[in-house]
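Asks: Pasting the sequence and the predicted model now:
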Amino acid sequence: MESFSNNITDIDKSIAVLPFKNMSGSDEYDYFSDGITEEIINALSKIEGLKVTARTSSFAFKNKPIDIRKIGNELGVTNAVEGSIRISKNRIRISTQLTRTDTGFLLWSEKFDRQIDDIFALQDEISVLIAEKIRENFGHIEIEDSLATIHTQNLKAYQWYLKGRQLQLSWNLINMERAITFYEKSASIDPNYADPLVAIGWCYAIIASWRHVDRIEGLKKAELFVKKGKALNPESYMGHFAKATISFWGNWEFKIGYEELKQCLAVNPYFSEANEALAELYTANGMFDEALQETDHILKINPLSPNHYYTRGNIFFLTKKYDKAIKCFESSLKIDNSFDLSRHLKLACYIFQNNKTSAISFAKTFLSDKYVIIIDQIFNAINNDQQIEFDNFLLSDNENLMVFWDLYYLVYSNKTDVALSKLENHVSNRIGQVINFRFDPFLKPLRTTKRYQKLVEVTFQNNHFTASTSSKPSKNSSSFFTNDELSELNIALEKLLKDAKLFLNAEISLRSLAKELGINPNKLSKFINDNLSTNFNELINSYRLNHFKEIAIKPENKHVTLLGLAFDSGFNSKTVFNTYFKKVEGVTPKAWLKSNS
């Protein structure tokens, strides 16, 4: 069989699923549209070799005008899925399309009209169809028969879960607490549904770690619900992630947190939130190279996350690379100009750069006058060796969980014992970002004291771990061939395409062709990619093009339009035909026919 060249690269196997529009006439159904979008993202993320933009970055475009080419450029993807959902009584209608972001070319579109109870199967069907269209256009990827992993068949339980999920993903502590009540409703409807129980545990772990509720009681509840969820679904990657959150952020148990994160990624190697947590865990343990590697990965699949840029900037801040840190914080603030973590550490960088004008000017944009005075005095103590005239009224009873300016004020006011007591209290209570205290440049004056050294020893003794150097697991391909199989498949494929002319069927797909050949679609895709050096669409269109050229020059077809002949050759789109023809022949169909008549 003739071999066809192909210029497709791995960058073409990249996709963003944009938030499906709620067309139901009520904002009440936003949670449902968001949930379906997220399920499709999660399903596609399971496919090895397919780069899928994470939810945070995709949802940055929710309720905004869609410019496919701009979105493709910002997210670094070649393909985008758009969709809309309309719910009416007991029916759901979903329209979806797959578009190339570099050309705006429509690759596939379809409408679905089903009973709403069919939503579980429908989400899986749409995910598989999208994956297959990517494979047909851009080359081999292994696709399982089913991609979705919804662990309930109870629609009401699922709806309550999605409502909770929408609140949880706001990353607002009050909303996370509200999400718990929705998850509890979901679990009460379907007691065997693990996901809401795990989610309750995760929410308690976060709001307890950040002191929205009592830490001890909150973490106890977190442990209880995660244990219940994991009992129902021991393979839940979210269960491992929730357990890691409790261990790492809640209790600073780094070894346990690390092992749970590795187990999470073993189940779902493409869960970027676990990579984010790994970066933070590595940072807290001074493993800065490993942390940077994780941020390299997560920013490729989630380039519009302000938190990811903060995480990377924090690594540079703690290693005193302030110029690089500021660039990261500015990228974070460009996405969300109120992102507090990035604002505070950008200000801290200005202090250590001895840039007073920028430090004070920037501090005034988001801090109270009292804190601006503290910043000014800390700046002068660090950069100008000026003694601070301590003013107790400048201190606050509220613990600032972003950057601990009150603590730093005590340090540079030479209130060493008071500062150490405050730091010991923060560490004892496992408060927020103080987890990185060993590397905090503001705490340099404390490091020679015995109390500080003892604090480090007690906190981190027997809590060390060694990072695994193993790469992400690769799925074993079921698509290998013996020499005899290669020969037989080559002959059978040529017979179907060259002799039986199956390419004339405009609806032919890789799956339907594989069925004719009696083999798994993954095997056929692998064969076309590796042995014919092309992809499915290029292969089929090459046969169609040759057929068109044969019939176009026949005298009896002079009365038929070129588009009519293209359709007779199996093409089902004028744009596809003209684009492909010019790509291969270098001229338009009309110019070619004129020179060959």
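Replies: Arrived safely, thanks for sending. Numbering: from 1, shown residues only.

Asks: As a check, name the ranges of all strands in this structure.
Replies: Along the chain, counting by DSSP state E, strands occupy 14-17, 21-22, 51-52, 79-88, 91-100, 106-115.

Asks: Buried residues of the last one, list them for me.
Replies: Going back to what we said before, that points to strand 106-115. Using 16 or more other C-beta atoms under 10 Å as the test for burial, strand 106-115 gives 107-108, 112. To be clear about C-beta, it is placed using only N, CA and C from the backbone, and glycine gets the same treatment.

Asks: Which elements pack onto that strand?
Replies: strand 91-100, helix 119-138 (3 or more C-beta pairs under 8 Å, 6 or more residues apart in numbering; DSSP states H and E).

Asks: low pLDDT regions in the stretch 451-597 of the chain?
Replies: Applying pLDDT under 70 to the stretch 451-597 of the chain flags residues 469-479.

Asks: Could I get the full set of helices for it?
Replies: In the stretch 451-597 of the chain, the helices defined using DSSP state H, counting those that start in this stretch lie at 483-494, 510-517, 521-531, 536-552, 562-568, 574-585, 589-595.

Asks: Can I get those in a markdown table including mean neighbour count?
Replies: What follows is these, written out as a markdown table (neighbours: other C-beta atoms under 10 Å):
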| stretch | mean neighbour count |
| --- | --- |
| helix 483-494 | 13 |
| helix 510-517 | 18 |
| helix 521-531 | 21 |
| helix 536-552 | 21 |
| helix 562-568 | 18 |
| helix 574-585 | 16 |
| helix 589-595 | 14 |
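
Asks: Residue 281: which of those is closest?
Replies: Nearest of the helices of the stretch 451-597 of the chain to residue 281, taken as C-beta to C-beta: helix 521-531 at 35.8 Å.

Asks: I'd like the C-alpha coordinates of that closest one written as PDB, please.
Replies: The C-alpha coordinates for helix 521-531 follow below in PDB (Å, rounded to 0.1, in the frame of the first residue of the first chain):
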ATOM      1  CA  PRO A 521      -9.700   0.700  16.800                       C
ATOM      2  CA  ASN A 522      -6.600   1.300  18.800                       C
ATOM      3  CA  LYS A 523      -4.700  -1.300  16.800                       C
ATOM      4  CA  LEU A 524      -5.900   0.200  13.500                       C
ATOM      5  CA  SER A 525      -4.900   3.700  14.700                       C
ATOM      6  CA  LYS A 526      -1.500   2.400  15.700                       C
ATOM      7  CA  PHE A 527      -1.000   0.700  12.400                       C
ATOM      8  CA  ILE A 528      -2.000   3.800  10.300                       C
ATOM      9  CA  ASN A 529       0.200   6.000  12.500                       C
ATOM     10  CA  ASP A 530       3.400   3.900  12.600                       C
ATOM     11  CA  ASN A 531       3.300   1.800   9.500                       C
END
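
Asks: Return the list of helices and strands in contact with it.
Replies: helix 483-494, helix 510-517, helix 536-552.

Asks: just to revisit the earlier point, switch the helices and strands packed on strand 106-115 over to a markdown table; also include mean pLDDT.
Replies: Listed next are those as a markdown table, based on pLDDT from 0 to 100:
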| stretch | mean pLDDT |
| --- | --- |
| strand 91-100 | 94 |
| helix 119-138 | 92 |
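
Asks: Tell me which of those sits most buried.
Replies: Compared across the helices and strands packed on strand 106-115, helix 119-138 shows the largest average neighbour count, a mean of 22 (mean count of other C-beta atoms under 10 Å).

Asks: Dump it to PDB, restricted to CA.
Replies: Extracted in PDB, the C-alpha atoms of helix 119-138 (Å, rounded to 0.1, in the frame of the first residue of the first chain):
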ATOM      1  CA  ILE A 119     -26.700  12.000  31.200                       C
ATOM      2  CA  PHE A 120     -24.100   9.500  32.600                       C
ATOM      3  CA  ALA A 121     -23.900   7.500  29.400                       C
ATOM      4  CA  LEU A 122     -24.100  10.700  27.300                       C
ATOM      5  CA  GLN A 123     -21.100  12.300  29.000                       C
ATOM      6  CA  ASP A 124     -19.100   9.200  28.300                       C
ATOM      7  CA  GLU A 125     -20.300   9.100  24.700                       C
ATOM      8  CA  ILE A 126     -19.400  12.700  24.000                       C
ATOM      9  CA  SER A 127     -15.900  12.300  25.600                       C
ATOM     10  CA  VAL A 128     -15.100   9.200  23.500                       C
ATOM     11  CA  LEU A 129     -16.400  10.900  20.300                       C
ATOM     12  CA  ILE A 130     -14.200  13.900  20.900                       C
ATOM     13  CA  ALA A 131     -11.100  11.700  21.600                       C
ATOM     14  CA  GLU A 132     -11.800   9.700  18.400                       C
ATOM     15  CA  LYS A 133     -12.000  12.900  16.300                       C
ATOM     16  CA  ILE A 134      -8.700  14.100  17.700                       C
ATOM     17  CA  ARG A 135      -7.200  10.700  16.900                       C
ATOM     18  CA  GLU A 136      -8.600  10.600  13.400                       C
ATOM     19  CA  ASN A 137      -7.200  14.100  12.600                       C
ATOM     20  CA  PHE A 138      -3.900  14.100  14.500                       C
END
